[in-house]
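>>> give the three-dimensional model of this entry:
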Amino acid sequence: QVQLVESGGGLVQAGGSLRLSCVASGNIFSMTGMVWYRQAPGKQREWVAGITSGGSTVYADSVKGRFTISGDNAKNAVWLQMNILKPEDTAVYYCNAVRVQTPEGHTYVEVWGQGTLVTVSS
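Here you go, the predicted structure:
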């Protein structure tokens, strides 16, 4: 079984920074990529940033220039460095692993973490 665990959320003032971490555990052979999503109170979950196993990155317009996603294939980990945080960044942030393959040949289309809360005060 594959699991994702996020950490690093918390309370920060507007203009501050936080670094989120997500580590995948279990019997993992490979994965296509990892993605960060967020869900603000009363809103739908939205995509924030993603990184492929090859290192290509992509960002939502709302975070471009402020957030940086990075990853380590050997550690099955991904990080989200969030700078110049704004109150509208307040949300539960979720990590998502895409097409996770096990050595036995099983494929998980996607795996979700439990989320970590980020609160940005004005």
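>>> centroid residue for the protein?
The C-alpha lying nearest the average C-alpha coordinate of the chain belongs to Trp36 (CA atoms, centre = their mean; 2.9 Å).
>>> and that residue, what are its bridge partners?
With DSSP bridges applied, Trp36 shows beta-bridge pairing to Ala49, Cys95.
>>> just checking, it touches Asn96?
Yes: assessed by CB atoms under 8 Å, Trp36 is found in contact with Asn96 at 7.5 Å. C-beta here means a position set from N, CA and C on the backbone, and glycine is covered the same way.
>>> so, low pLDDT: which residues of this protein?
Scanning the chain for pLDDT under 70 picks out nothing.
>>> and the strands in it?
Shown for the chain, the strands assigned by DSSP state E span residues 3-7, 10-13, 18-25, 30-39, 46-52, 57-59, 67-72, 77-82, 91-101, 107-112, 116-121.
>>> and for Trp36 and Asn96, which residues touch both?
Common neighbours of Trp36 and Asn96, counting by CB atoms under 8 Å, 6 or more residues apart in numbering, are absent.
>>> ok now stretch 99-117, how far from the chain's centre?
Chain-centre distance of stretch 99-117: 13 Å, with CA atoms, centre = their mean, to the nearest Å.
>>> contacts for it?
2-10, 20, 22, 24, 26-33, 39, 91-98.
>>> ends of it, what's the gap?
Terminal residues of stretch 99-117 lie 25 Å apart, using CA to CA, to the nearest Å.
>>> what residues sit buried inside it?
100-101, 108, 111, 113, 115-116 (16 or more other CB atoms under 10 Å).
>>> nearest to Ala77, of the residues you listed?
Using CB to CB, Gly113 comes nearest to Ala77 of the buried residues of stretch 99-117, at 11.7 Å.
>>> OK, contacts around the nearest residue to the closest one once chain neighbours are set aside?
With sequence-adjacent residues excluded and distances taken as CB to CB, 6 or more residues apart in numbering, Gly113 is closest to Leu4, at 3.6 Å. Shown in contact with Leu4 (CB under 8 Å, 6+ apart): 22-25, 95-97, 111-114.
>>> apply 6 Å and report the result again.
Contacts for Leu4 were tallied using CB atoms under 6 Å, 6 or more residues apart in numbering; they are 22, 24, 95, 97, 111, 113.
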